[in-house]
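Colleague: 3D model of this:
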Amino acid sequence: MWRAEDEALLERLEDELVLERLFAHHTGGRRTEGLLPARAAGLVASARRAGGAAHVATALAGDVVPLVRWLDEPPLSARPAELLHHLALYHAAGARALEDVAPDAAANAWTRAMAAWLALGAERTYLAALEQAVLGPRTTARADKDLRIPPERVVFELVSDLGKRALASARDLAPRGRAALLGLGWVDQVAQLAGASPAEARGLHLEADRRRTAAIDAALALVGDALEEANTRGALATEGRAILERAVVVWGWSGHDEAVEQWVTDQLGTIGWELHRARSWDALRRLLEPFRPMFESLAARIERDPTKIAFSSHCAQMFVFLSDVEGDHDTRRAYAERAVRVCPTHRNGRLVLASLLCDDALAKLRSMTLVVRRDELAQAEALVARAEKLYPQLRELPEVKSTLERVRKAPLSI
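Modeller: Sure thing, here's the model as predicted:
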């Protein structure tokens, strides 16, 4: 006879099989053994009770994708608390399985774990009841205060753990640190997935940003210390580039964080000016080359959001340096244009661009030896006018304006 106990056993075994397939899907074929306990199959049972029975049946037949999509469907706040608890633990286990070998995938798992905890904490009653059941009777008010974690703060425990993982990897830049940093950097998506309120999202963002900044600062501090030591020895111009190249690795490890771009751009300015004053143009060109993706990325951020003015001057100077070491006139002007676009008030950028505009105007005016075309004269006038507006004190202006006046007196063609 088929008993109720037999049916329950079959269902449990099927749930374990589906869980194995789910985990393999999320982790590139890994098994749950040693990473998830057998009771973690409760995730599948909970999904079935929450309206996902058809997707569980499809997964049991061999296709887990519909179940994966259903489980990921936002907002998670609409899910039952029990399912959220299972999802939080499940995704954290997946992240730990991947963090040393596939940090970007691990970061995605961390975000889903945080989203589940965030939604579960907002529900409040489930975690409070679970905590009561685990702790049991307590004898003192102090013990009660020390042991209890408010449900809405549970997600911050995971944020804290990710911060510690990232900080512990600041020296060796290990993949698990990258996974943690990326996860902390994606907390806005966490809030969206969870269906969090603006206040909840803001609080999570601030805490994750604080933890992330601390880890990145620690990684950059090692580079900063080496640069300071080289500067003390008077070797910054000769050794600075090699030392600073470590920051390129930090940038990749951090997921191309803006703060790394800002820090490197600042350091490049210090080294670059030493080489500029020494007129070491080849050395300045070599200094800039490895870091161009970083300050170009920073420039693009500033161009998209002009309120990011704190580092616009430092960033613009990088393009002025590039203009200074470039041999091709048109390329020099393009770099100068970029400098002024990034920081419209940048003195050096405006000076260099104004000088190049005067060169273009003179070249155009000197080519008008016999007949002056109206359109060409108008172009030259516009170049001179823009140069004067950019930098009225430019020493080339009197000559180019004088040449312009002479050409204006020549016969005009149609």
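
Colleague: Quick check: which ranges of the stretch 201-350 of the chain have low pLDDT?
Modeller: For the stretch 201-350 of the chain, applying pLDDT under 70 flags no range at all.

Colleague: 90 instead, please
Modeller: 306-309 (pLDDT under 90).

Colleague: all helices in it, in order from the N-terminus.
Modeller: With helices called from DSSP state H, counting those that start in this stretch, the stretch 201-350 of the chain shows them at 236-253, 258-277, 281-288, 292-304, 312-325, 329-342, 347-366.

Colleague: Out of those helices, which is the most enclosed?
Modeller: Highest mean neighbour count of those: helix 312-325, a mean of 24 (counted as mean count of other CB atoms under 10 Å). For glycine as for every other residue, the C-beta is placed from the backbone atoms N, C-alpha and C.

Colleague: What residues does L298 make contact with?
Modeller: 258, 261-262, 265, 311, 315 (CB atoms under 8 Å, 6 or more residues apart in numbering).

Colleague: With L87 instead?
Modeller: So L87 contacts 43, 71, 76, 79, 112-113, 116 (CB under 8 Å, 6+ apart).

Colleague: now the helix or strand hosting it: mean pLDDT?
Modeller: Element membership for L87, per DSSP states H and E: helix 81-98. Helix 81-98 carries an average pLDDT of 97.

Colleague: From the chain's centroid, how far away is it?
Modeller: 24 Å (CA atoms, centre = their mean, to the nearest Å).

Colleague: Dump the helices of the stretch 201-350 of the chain to CSV, plus distance to L13.
Modeller: Output for the helices of the stretch 201-350 of the chain, formatted as CSV (distance: least, CB to CB, whole Å):
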stretch, distance to L13
helix 236-253, 43
helix 258-277, 50
helix 281-288, 62
helix 292-304, 51
helix 312-325, 60
helix 329-342, 62
helix 347-366, 70
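
Colleague: Would you tell me which of the ones you listed gets closest to W186?
Modeller: helix 258-277 (14.5 Å; CB to CB).

Colleague: Quick one: list the elements packing against the closest one.
Modeller: helix 198-232, helix 236-253, helix 281-288, helix 292-304, helix 312-325 (3 or more CB pairs under 8 Å, 6 or more residues apart in numbering; DSSP states H and E).

Colleague: So what's the gap between it and the chain middle?
Modeller: Using CA atoms, centre = their mean, the offset of helix 258-277 from its chain centre is 20 Å.

Colleague: outside of that helix, which residues touch it?
Modeller: Against helix 258-277 from outside (CB under 8 Å, 6+ apart): 213, 216, 220, 223-224, 227, 236-237, 240-241, 244, 247-248, 250-251, 254, 281, 283-284, 287-288, 291, 294-295, 297-298, 301, 310-311, 314-315, 317-318, 321, 324.

Colleague: Now do L10: how many residues are near it, please.
Modeller: 11 (other CB atoms under 10 Å).

Colleague: need the contact list for D6.
Modeller: Under the criterion of CB under 8 Å, 6+ apart, D6 has no neighbours.

Colleague: which element is R12 on?
Modeller: helix 4-27.

Colleague: in the stretch 51-200 of the chain, which ranges drop under the pLDDT threshold?
Modeller: Across the stretch 51-200 of the chain (using pLDDT under 90), the flagged ranges come out as 124, 127-152.

Colleague: ok, 50 please
Modeller: Scanning the stretch 51-200 of the chain with the threshold set as pLDDT under 50 gives 139-141.

Colleague: you'd agree G185 is up against D257?
Modeller: Yes. G185 lies in contact with D257 (CB atoms under 8 Å); the separation is 7.2 Å.

Colleague: And those two? Which one has more around it.
Modeller: Set side by side, G185 and D257 show more neighbours around D257, with 22 against 18, by other CB under 10 Å.

Colleague: any idea how far that one lies from A4?
Modeller: 56 Å (CB to CB, to the nearest Å).

Colleague: Equivalent analysis for A299, please.
Modeller: 68 Å.

Colleague: Next: G42.
Modeller: Taking CB to CB, one finds G42 at 19 Å from A4.

Colleague: So between those two, which is more surrounded?
Modeller: For G42 versus A4, the count of surrounding residues by other CB under 10 Å is larger for G42: 19 against 7.

Colleague: could you list every residue that touches that one?
Modeller: 15, 82, 86.

Colleague: Quick check: the residue lying closest to R286 once chain neighbours are set aside vs G272, distance?
Modeller: Sequence neighbours aside, R241 is the residue nearest to R286 in space, at 6.7 Å (criterion: CB to CB, 6 or more residues apart in numbering). R241 sits 10 Å away from G272, going by CB to CB.
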